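[1] below is the sequence, then the predicted model.
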There are 4 protein chains.
Amino acid sequence: MMTLDETVAFLEREFPQIHHGGRHYHLEAVGLLTARMRMDHHDRFLRPGGTVSGPAMMTLADLALYAAILANLGPVALAVTTNLSFNFLRRPGPNGLVGEARLLKLGRRLAVGEVLITALGSSDLVCHATGTYAIPPER
Amino acid sequence: MMTLDETVAFLEREFPQIHHGGRHYHLEAVGLLTARMRMDHHDRFLRPGGTVSGPAMMTLADLALYAAILANLGPVALAVTTNLSFNFLRRPGPNGLVGEARLLKLGRRLAVGEVLITALGSSDLVCHATGTYAIPPER
Amino acid sequence: MMTLDETVAFLEREFPQIHHGGRHYHLEAVGLLTARMRMDHHDRFLRPGGTVSGPAMMTLADLALYAAILANLGPVALAVTTNLSFNFLRRPGPNGLVGEARLLKLGRRLAVGEVLITALGSSDLVCHATGTYAIPPER
Amino acid sequence: MMTLDETVAFLEREFPQIHHGGRHYHLEAVGLLTARMRMDHHDRFLRPGGTVSGPAMMTLADLALYAAILANLGPVALAVTTNLSFNFLRRPGPNGLVGEARLLKLGRRLAVGEVLITALGSSDLVCHATGTYAIPPER
């Protein structure tokens, strides 16, 4: 397994687009089959009415799952997203968000996980996501 | 909230098709936004190779979520399944299964939940499901 | 590609559980990335109120996609279902159903397809499904 | 039904965030239960390797479905996305994209649709999406 610092460094180097538009997505923790990604509040994520946009939440979920796979497979892995499914549960107010990713399966060829997204400082779920990732055979 | 006995009695009366082909699906527990449904082993659930069929797991997930909604909304509710999504994680051997349902949202019009399915006596996930149910307005 | 007769013969031999409970599922056609599966009406598929059960539709969708993959990959393939997602659109009356499967991708490692389910003799959609299948590497 | 011009005008007025970061999303056509949305090529949509990002495709799918609902329900409607599911089929090159949305159901309380995303000038599918939207009761 990679440490948090190693995973962050890998993302900075290989995945700089995570910071396109500003440094708002931050990997906070990695663990056995898990990762926690934080999205800071920023006006560019807002929709009229002051709620956070769907694409901002979808990006957070994908990043959190990708980080969990990366930390648990090591830096060689370049997993490819094949499926993402989202249930939007409540409209999040103008706030940062936290995505807690948990891998349900980490196989040789496929990884499957779920993400629970809550508003920063709240325990109310705003979105639940599941994702499937193909693991390249050459690793 | 309905008790376990009340929920079981309601299912027996209004949903007898749960026992079509034999009494193999059993509601074991209900709680705040949760329900646990057990599927006993039976040859009719098997596939060549000795694994449990996809439809048997899909039925278990749907029943577990339906029971969680029913127990938490009361006997008036007749929720209608609008979406079910399944990630099949491991092939379950010839064994009974347990579905642990948890409602992520129980709104006035929509309920959303997830189900973790494991083999009886094991903690390995074999299937993860999410479902959405429309709550009729007349309740 | 396999012909319709070859695909039916393969299913009869390798997948006899398709007829568990009676011969109600019939492969009607296969084509380039497509297959059509029919489910005849039978009381065992009904729910109170006279509608067709969700598991009956879910089985039809999975079989139609499996047949499309089989016919297009050849008899060696033993694809494994990894994801199935269903949107239930209208309650189907007590009638047979038709599932029209179309593969959106048939790669070396993954196949993805969708199924449109209508009542026999109607063009109204009752269910839309998508599925993902892992293709074993040894083929 | 609203015309294309009316739908575009409504989106400009009520949904200006569609143009956040530049005017790259354009509604090209609306029809009976359908809409076509184009995403022009722009560097901000790219990932290393020159492929279009997942969030760019997810935004396109959501917008195309929203426009189809809006055009077919009229300007009162403010549908809320409750579920989005994506199958990513091929990596799109550095190009614009087109999303063809089709509503599978447009009920009083729920709308369900699918979107086929192709690269501009190609017929190869790069992504298939399905979405569910809650229609507010007050309309």
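    Nice, thanks for sending it over.

[2] give me the mean pLDDT for stretch A:52-61.
    Averaged across stretch A:52-61, the pLDDT comes to 92.

[3] what's next to it, contact-wise?
    Residues from elsewhere that reach stretch A:52-61 (C-beta atoms under 8 Å, 6 or more residues apart in numbering or on different chains): A:25, A:37, A:39, A:45-47, A:84, A:86, A:88, A:92-95, A:97, A:99, A:101, A:115, A:117, A:126-127, A:129, A:131, D:17, D:54-55, D:58-59, D:62, D:81, D:84. For every residue, glycine as well, the C-beta is placed using N, CA and C.

[4] out of the residues you listed, list just those in helices.
    Counting by DSSP state H, those place D:54-55, D:58-59, D:62 in helices.

[5] A:Ile71: which element?
    If you look again at residue A:71, you'll see it is Ala, not Ile. Using DSSP states H and E, A:Ala71 sits in helix A:54-73.

[6] alpha carbons of that helix, as CSV, please.
    Output of helix A:54-73 as CSV, limited to C-alpha atoms (Å, rounded to 0.1, in the frame of the first residue of the first chain):
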residue,chain,number,x,y,z
GLY,A,54,-23.9,17.7,-9.8
PRO,A,55,-20.7,17.6,-11.8
ALA,A,56,-18.7,18.8,-8.7
MET,A,57,-20.1,15.9,-6.7
MET,A,58,-19.5,13.5,-9.6
THR,A,59,-15.9,14.6,-9.9
LEU,A,60,-15.4,14.2,-6.1
ALA,A,61,-16.8,10.6,-6.2
ASP,A,62,-14.6,9.6,-9.1
LEU,A,63,-11.4,11.1,-7.5
ALA,A,64,-12.1,9.5,-4.1
LEU,A,65,-12.5,6.0,-5.7
TYR,A,66,-9.5,6.5,-8.0
ALA,A,67,-7.4,7.5,-5.0
ALA,A,68,-8.5,4.4,-3.0
ILE,A,69,-7.6,2.1,-5.9
LEU,A,70,-4.3,3.9,-6.4
ALA,A,71,-3.3,3.8,-2.7
ASN,A,72,-4.2,0.1,-2.5
LEU,A,73,-2.7,-1.1,-5.8
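
[7] and that helix with helix D:54-73, angle?
    With axes from the mean of the first three to the mean of the last three C-alpha atoms, to 10 degrees defining the directions, helix A:54-73 sits at 150 degrees from helix D:54-73.

[8] ok, and the most crowded of the ones in helices among the contacts of stretch A:52-61?
    When neighbours are counted by other C-beta atoms under 10 Å in any protein chain shown, D:Met58 leads the ones in helices among the contacts of stretch A:52-61 with 26 neighbours.

[9] beta partners of the residue in chain A positioned nearest to chain D?
    When scored by C-beta to the nearest C-beta, chain A has A:Ser85 as its residue closest to chain D, at 4.1 Å. With DSSP bridges as the criterion, A:Ser85 is bridged to A:Thr130, D:Ser85.

[10] separation between it and B:Gln17?
    28 Å (C-beta to C-beta, to the nearest Å).

[11] neighbour count: these two, which is higher?
    Per other C-beta under 10 Å, whichever of A:Ser85 and B:Gln17 has more neighbours is A:Ser85, with 24 against 13.

[12] can you list phi and psi of the nearest residue to A:Leu4 once chain neighbours are set aside for me?
    Nearest non-adjacent residue to A:Leu4, counting by C-beta to C-beta, 6 or more residues apart in numbering or on different chains: A:Val30, 5.2 Å away. The phi/psi pair for A:Val30 (degrees, to the nearest 10) reads phi -130, psi 150.

[13] which residues does the helix or strand of chain A with the lowest mean pLDDT contact?
    In chain A, no helix or strand scores lower on mean pLDDT, DSSP states H and E than strand A:46-47, which sits at a mean of 77. Strand A:46-47 is contacted by residues A:52-53, A:94, D:17 when judged by C-beta under 8 Å, 6+ apart.

[14] between the residues you listed, which is closest to chain C?
    Within the contacts of strand A:46-47, the smallest distance to chain C is 23.3 Å, found for A:Ser53 (C-beta to the nearest C-beta).

[15] that closest one: neighbour count?
    A:Ser53: 18 neighbours (other C-beta under 10 Å).

[16] pretty sure A:Leu78 contacts A:Pro136?
    Yes - between A:Leu78 and A:Pro136 there is a contact under C-beta atoms under 8 Å: 5.9 Å.

[17] could you check which of the two has the larger neighbour count?
    When A:Leu78 and A:Pro136 are compared for neighbours, A:Leu78 comes out ahead with 18 against 12, by other C-beta under 10 Å.

[18] just checking, the more buried one is part of a strand?
    No - A:Leu78: not assigned to a strand; according to DSSP: H, G, I helix; E, B strand; the rest coil it is coil.

[19] now for it: which residues touch it?
    Listed by C-beta under 8 Å, 6+ apart, the contact partners of A:Leu78 are A:Pro136.

[20] how much space between it and C:Gly107?
    With distances taken as C-beta to C-beta, A:Leu78 is found 17 Å from C:Gly107.

[21] now A:His26
    Separation of A:His26 from C:Gly107 (C-beta to C-beta): 34 Å.

[22] A:Thr132 too?
    Look at A:Thr132 and C:Gly107: by C-beta to C-beta, they are 14 Å apart.

[23] between the two, who's got more neighbours?
    Higher neighbour count among A:Thr132 and C:Gly107: A:Thr132, with 25 against 13, using other C-beta under 10 Å.

[24] wait, what's in contact with the residue nearest to that one when sequence neighbours are not counted?
    Of all residues not flanking A:Thr132 in the chain, A:Asn83 sits nearest, at 4.2 Å (C-beta to C-beta, 6+ apart). By C-beta under 8 Å, 6+ apart, the contact set of A:Asn83 is A:130-132, C:83, C:132, D:85-88.

[25] so the residue nearest to A:Leu4 touches A:Asp5, yeah?
    No - if you go by C-beta under 8 Å, A:Val30 and A:Asp5 don't touch, sitting 9.7 Å apart.
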